[in-house]
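>>> sharing a model that was predicted from the sequence below.
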Amino acid sequence: MVIRFLGVAFRLGDPIVKGATKKFNKLLKKEYDENRAAGLSSSSAHKEAAKTVNRELKEFPDLKD
């Protein structure tokens, strides 16, 4: 399943989600950085980070894994 966020952008190389809380974006950046350090591509790192953070915070309940 593909998770899609409307309003995803990259600011200075860091992923941000427009309309999400600062806490969500902070955790997303942290997970994204860890995934990139593990060797994932930018796209894969973003998808996995988004899934992980959304499971933790449940900010976007309409998105299913």
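Received it, and whenever you're ready, just let me know what you need.
>>> low-confidence ranges, this protein, go.
For the chain, the stretches flagged by pLDDT under 70 are 1-14, 62-65.
>>> please report the distance of Ala37 from Ala45.
9 Å (C-beta to C-beta, to the nearest Å). For glycine as for every other residue, the C-beta is placed from the backbone atoms N, C-alpha and C.
>>> more crowded one of those two?
Neighbours of Ala37 and Ala45, each counted by other C-beta atoms under 10 Å, are more numerous for Ala45; the result is 20 against 9.
>>> now that one: closest residue in space that isn't a chain neighbour?
If the residues on either side of it in the chain are set aside, Ala45 comes closest to Asn35, at 3.6 Å by C-beta to C-beta, 6 or more residues apart in numbering.
>>> give the next helix or strand downstream of the helix or strand hosting Ile16.
Assigning secondary structure by DSSP states H and E places Ile16 in strand 14-17. Moving toward the C-terminus from strand 14-17, the next helix or strand (DSSP H and E) is helix 22-37.
>>> contacts for that following helix, please.
Taking contacts as C-beta atoms under 8 Å, 6 or more residues apart in numbering, the residues outside helix 22-37 that touch it are 14-17, 20, 42, 44-46, 48-50, 52-53, 56-57, 59.
>>> same thing but at 7 Å, please
For helix 22-37, contacts defined as C-beta atoms under 7 Å, 6 or more residues apart in numbering pick out 14-17, 45-46, 48-50, 52-53, 57, 59.
>>> for the residue lying farthest from the centre of the chain, give me phi and psi.
Centroid-distance maximum for the chain: Gly39 at 16.3 Å, with C-alpha atoms, centre = their mean. Phi and psi for Gly39, reported as degrees, to the nearest 10, are phi 100, psi 10.
>>> any idea how far it lies from Ala45?
9 Å.
>>> before we move on, what about Lys58?
To Ala45, Lys58 is 21 Å away according to C-beta to C-beta.
>>> do the same with Lys22
For Lys22, the distance to Ala45 equals 20 Å [C-beta to C-beta].
>>> likewise Lys18?
19 Å.
>>> report the central residue of the chain.
Short answer for the chain (C-alpha atoms, centre = their mean): Ala50, at 2.9 Å.
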